[in-house]
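In: kindly generate the corresponding structure for this input.
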Amino acid sequence: MKTIRITLEGRTYDVGVEVLGESAAPAPVAAPVASAPVAAPPPRVAAAPAPAPAAPSGSGTPVLSPMPGQVMKIKVAVGATVAANDVVVILEAMKMETPIVAPCAGTIQAISVKEGDAVSESQVLLTIG
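Out: You can find the predicted model right below:
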């Protein structure tokens, strides 16, 4: 049996750990040990994600990327008419192709990305009016 000291949320504990294969008698498990508070490491500051392009002005319905990925194929052009659930964009994420469908019927007002672009989650891909 080995005793290990662990500090968790500013409290220190002595913990008995059994090492398999040892034949020594078990060591008693100690109660929490008072110790000086340990300062938490400074929080990591993540780099701010690149802002998603703003939706084109107008009253259209934006089609958003459901995940980060890369635009493989844009299946429509500005001015094209689409029905609800028509495939409008193919995204590649984690080596898988994901079809993005039109949430409603309408006319493509604007396309905010081009093939090969990396996109983030919730980024506007195109707008249907």
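
In: Lys114 contacts Gln70, doesn't it?
Out: No. With contact defined as CB atoms under 8 Å, Lys114 does not count as touching Gln70 (11.1 Å). No exception for glycine: its C-beta is placed from N, CA and C like everyone else's.

In: now Ile4: which helix or strand?
Out: strand 2-8 (DSSP states H and E).

In: who does that strand touch, helix- and strand-wise?
Out: strand 11-17 (3 or more CB pairs under 8 Å, 6 or more residues apart in numbering; DSSP states H and E).

In: which helices and strands does the strand it packs on pack with?
Out: Strand 11-17 packs on strand 2-8, going by 3+ CB pairs under 8 Å, 6+ apart.

In: list the contacts of Val119.
Out: Ala52, Ser65, Pro68, Gly69, Gln70, Val71, Leu91, Val113, Leu125 (CB atoms under 8 Å, 6 or more residues apart in numbering).

In: swap in 6 Å and give it another go.
Out: With contact taken as CB atoms under 6 Å, 6 or more residues apart in numbering, Val119 is in contact with Ser65.

In: what separation is there between it and Lys95?
Out: Between Val119 and Lys95 the computed distance is 16 Å (CB to CB, to the nearest Å).
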